[in-house]
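# Here you go, sequence then predicted model.
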Amino acid sequence: DTEVTQTPKHLVMGMTNKKSLKCEQHMGHRAMYWYKQKAKKPPELMFVYSYEKLSINESVPSRFSPECPNSSLLNLHLHALQPEDSALYLCASSQGAGVAYEQYFGPGTRLTVT
Amino acid sequence: GNSVTQMEGPVTLSEEAFLTINCTYTATGYPSLFWYVQYPGEGLQLLLKATKADDKGSNKGFEATYRKETTSFHLEKGSVQVSDSAVYFCALSDYGSGNTGKLIFGQGTTLQVKP
């Protein structure tokens, strides 16, 4: 089973709201990732967790706050977002956070900020 | 720095035509190379990978060979189907990024296959 699940599938939020995106995998992977993808562009890495510890933050604004409660779960907490943050947010996981490991992606959460 | 360059699309083919999507890369070390496919409204699916020079990745009729001498990883398929219509991303992961697994993506190539 190479499935990564994400909820919700769609999310519309106002600029003053607080919401969370959730990601789950049951493949025993020890690395998890958040990406942001704008229309007709490749995904852009936001955060990497390795063994439940944040290992990369790609200079993401503090209105995005990641959390890794355990090795199977990854959350992205959203607060005071801007309309330009509207995008597809993708979660991925891999066996480890290393060069040779392929990443498996979830279906994404399509976020619209109004 | 590391980078991936893909041929610009869209690529439009008739069903059963031969497909080539070019991908070249720049890397400081010995990267792993990947092809991902994204169908409309979905996330990315791993199509194939290669981790060292001369490796050939293959899946679902798609193939790509890791060519270190030409720094290329071109995607090929002998006979495309309408269901192959999607966006294809070439990507690399390199020790130059600190062995973090960070993927560097190309810009993506849109493939449209007509019946």
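Sure thing, it's come through. Numbering: from 1, shown residues only, chains lettered A, B, ... in the order given.

# Can you report phi and psi for residue B:68?
Main-chain torsions, residue B:68, degrees, to the nearest 10: phi -70, psi -40.

# How much space separates the nearest residue to it once chain neighbours are set aside from residue A:67?
The shortest distance from residue B:68 to any non-neighbouring residue, by C-beta to C-beta, 6 or more residues apart in numbering or on different chains, is to residue B:53 (3.9 Å). All C-beta atoms are positioned from the backbone trio N, CA, C, and that covers glycine. To residue A:67, residue B:53 is 39 Å away according to C-beta to C-beta, to the nearest Å.

# Next to chain B, which bits of chain A? Give me the list.
A:4, A:6, A:31, A:33, A:40-43, A:45, A:48, A:50, A:55-56, A:90, A:92, A:94, A:96-108 (C-beta under 8 Å from any C-beta of the partner chain).

# before we move on, the earlier item: settle it for me: which of residue B:53 and residue A:67 has more neighbours?
residue A:67 (15 against 11; other C-beta atoms under 10 Å in any protein chain shown).

# Please name the nearest non-neighbouring residue to whichever residue of chain B sits closest to chain A.
Residue nearest to chain A within chain B: residue B:105 (3.6 Å; C-beta to the nearest C-beta). Spatial nearest neighbour of residue B:105, excluding adjacent residues (C-beta to C-beta, 6+ apart): residue A:42 at 3.6 Å.

# OK, contacts around the one you found?
Shown in contact with residue A:42 (C-beta atoms under 8 Å, 6 or more residues apart in numbering or on different chains): B:89, B:105-108.

# In strands, which of these appear?
Judged by DSSP state E, the subset of those located in strands is B:89, B:105.

# List the residues that contact residue 9.
Because you didn't say which chain, this covers chain A. If a contact means C-beta under 8 Å, 6+ apart, then residue A:9 has A:107-110 as its contacts.

# oops, I was thinking of chain B
Neighbouring residues of residue B:9 by C-beta under 8 Å, 6+ apart: B:108-111.

# Could you identify the buried members of those?
Using 16 or more other C-beta atoms under 10 Å in any protein chain shown as the burial test, these include B:108-111 as buried.

# Shouldn't residue A:27 be within a helix?
No: with DSSP: H, G, I helix; E, B strand; the rest coil as the criterion, residue A:27 is coil rather than part of a helix.

# Just give me how far the worst-scoring helix or strand of chain B on mean pLDDT sits from the chain centre.
For chain B, using mean pLDDT, DSSP states H and E, the weakest element among its helices and strands is strand B:103-105, scoring a mean of 93. Here strand B:103-105 is found 11 Å from its chain centre; the criterion is C-alpha atoms, centre = their mean, to the nearest Å.

# which strands and helices sit next to it?
Identification of packing neighbours for strand B:103-105 by 3 or more C-beta pairs under 8 Å, 6 or more residues apart in numbering or on different chains; DSSP states H and E yields strand B:3-6, strand B:86-93.

# who does the next helix or strand after it pair up with?
Proceeding N to C from strand B:103-105, the next assigned helix or strand is strand B:109-114, under DSSP states H and E. With DSSP bridges as the test, strand B:109-114 is paired with strand B:11-14 (parallel), strand B:86-93 (antiparallel).

# any chance of the ones you listed in a markdown table, plus mean neighbour count and mean pLDDT?
Shown next, in a markdown table, are the strands paired with strand B:109-114 (neighbours: other C-beta atoms under 10 Å in any protein chain shown; pLDDT from 0 to 100):
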| stretch | mean neighbour count | mean pLDDT |
| --- | --- | --- |
| strand B:11-14 | 14 | 97 |
| strand B:86-93 | 25 | 96 |
